[in-house]
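# Let me see the structure of the following:
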Amino acid sequence: MIGYVYIFGTILFTVYGQLILKWRITHYGQLPVDAWDKVYFLAKLLLDPFLLSGFASTLIAAVFWIAAMTKFDISYAYPFMSLAFVLVLILSAWLFKESITVNKIIGMAFIVVGIIITSRST
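Reported below is the predicted structural model:
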């Protein structure tokens, strides 16, 4: 059971990191064209505490993943990582008002079916 906690910890910290990065980068706008403006822009991003928490969550997700690898074969555990796609789709629609199209729903359905099939093939 603890192995699944590790997998879902990986997923949750991965999703948090992606959403927080999107939120903060949207706050700062697009990458400037001029080289020095890019350096300044990137320096501001790297000093943003929320972005730093996104980077930290990626590190934490990696630690959870390492722990998950001690419990499962990678061929079994890795398909569960696809749940991050589903969560990011749902949460980005809710938080950022991004569109959910029929094609996205069909694609996510295939991912979920694939996870179910893979998880039953131990």
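
# export stretch 91-104 as PDB, just CAs?
Extracted in PDB, the C-alpha atoms of stretch 91-104 (Å, rounded to 0.1, in the frame of the first residue of the first chain):
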ATOM      1  CA  LEU A  91      -7.000  21.800 -12.900                       C
ATOM      2  CA  SER A  92      -5.800  24.000 -15.700                       C
ATOM      3  CA  ALA A  93      -9.400  24.300 -16.900                       C
ATOM      4  CA  TRP A  94     -10.500  25.300 -13.500                       C
ATOM      5  CA  LEU A  95      -7.600  27.500 -12.400                       C
ATOM      6  CA  PHE A  96      -6.600  29.100 -15.700                       C
ATOM      7  CA  LYS A  97      -9.800  28.800 -17.700                       C
ATOM      8  CA  GLU A  98      -8.100  26.700 -20.400                       C
ATOM      9  CA  SER A  99     -10.400  25.000 -22.700                       C
ATOM     10  CA  ILE A 100     -11.300  21.300 -22.500                       C
ATOM     11  CA  THR A 101     -12.100  20.000 -26.000                       C
ATOM     12  CA  VAL A 102     -13.700  16.800 -27.100                       C
ATOM     13  CA  ASN A 103     -10.300  15.600 -28.400                       C
ATOM     14  CA  LYS A 104      -8.700  16.300 -25.000                       C
END
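
# for that stretch, what is the average pLDDT?
On average, the pLDDT along stretch 91-104 is 94.

# And that stretch, what's buried?
If you call a residue buried by 16 or more other CB atoms under 10 Å, then stretch 91-104 has these buried ones: 91, 92. The C-beta positions use only the backbone N, C-alpha and C, and glycine is treated the same way.

# next one: stretch 59-73
60, 61, 64, 65, 67, 68, 69, 72.

# possible to save those as JSON lines with pLDDT and distance to residue 38?
JSON lines is the format used below for those (pLDDT from 0 to 100; distance: CB to CB, whole Å):
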{"residue": "60", "pLDDT": "98", "distance to residue 38": "29"}
{"residue": "61", "pLDDT": "98", "distance to residue 38": "28"}
{"residue": "64", "pLDDT": "98", "distance to residue 38": "33"}
{"residue": "65", "pLDDT": "97", "distance to residue 38": "32"}
{"residue": "67", "pLDDT": "97", "distance to residue 38": "37"}
{"residue": "68", "pLDDT": "97", "distance to residue 38": "37"}
{"residue": "69", "pLDDT": "96", "distance to residue 38": "37"}
{"residue": "72", "pLDDT": "93", "distance to residue 38": "41"}
